[in-house]
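Asker: make a model of this:
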Amino acid sequence: MKVFVYTKRRRENRFKPEPTNPFAHIDSVNIEGKFHANLIGLVLDQSAQGCGLVFQSQNGFEIGEICRIKIGSYEPVQAEVRWKQKLDDSLIKVGFRFL
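Answerer: Model prediction:
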């Protein structure tokens, strides 16, 4: 008899963005001091540990890059780019881990 063990990939629950404000503002220049957003992304999901955002493809992110993210009414937090995935010729999905 075969036994299958299911393991959950994520350690924390994900939740959907605020329906009235599904955008994240990114400051990829200043990781300290006053927050100045220079990019805007669409929030797909988020958790206590990170989030997944969608951007236009010309917005380049490098794995390991540190930035600050402000999602909805929350205060800006530092985050690290953990992964990125090309969705099509014009969109990219990026995973961030909050620091």
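Asker: so where do the strands sit in this structure?
Answerer: Using DSSP state E, the strands of the chain run over residues 23-27, 39-46, 50-56, 66-71, 77-86, 91-98.
Asker: of the ones you listed, which approaches K16 most closely?
Answerer: K16 lies closest to strand 39-46 among those, at 6.2 Å (Cβ to Cβ). All C-beta spots, glycine's among them, are computed from the backbone N, C-alpha and C.
Asker: what residues does the closest one touch?
Answerer: Applying Cβ atoms under 8 Å, 6 or more residues apart in numbering, the contact partners of strand 39-46 are 14-17, 22-26, 28, 51-55, 59, 71-72, 93-94.
Asker: any of the residues you listed buried? List them.
Answerer: Using 16 or more other Cβ atoms under 10 Å as the burial test, these include P17, A24, H25, I26, S28, C51, G52, L53, F55, I71, K93, V94 as buried.
Asker: among the residues you listed, which pair sits farthest apart?
Answerer: With Cβ to Cβ as the measure, no two of the buried ones among the contacts of strand 39-46 lie farther apart than P17 and S28, at 19.9 Å.
Asker: pLDDT below threshold where in the chain?
Answerer: Low-confidence segments of the chain, defined by pLDDT under 70: 1-12.
Asker: can you do 50?
Answerer: Scanning the chain for pLDDT under 50 picks out 1-7.
Asker: gap between the two ends of stretch 19-37?
Answerer: Start-to-end span of stretch 19-37 (Cα to Cα, to the nearest Å) is 21 Å.
Asker: repeat that for stretch 80-94.
Answerer: Terminal-residue distance, stretch 80-94 (Cα to Cα): 10 Å.
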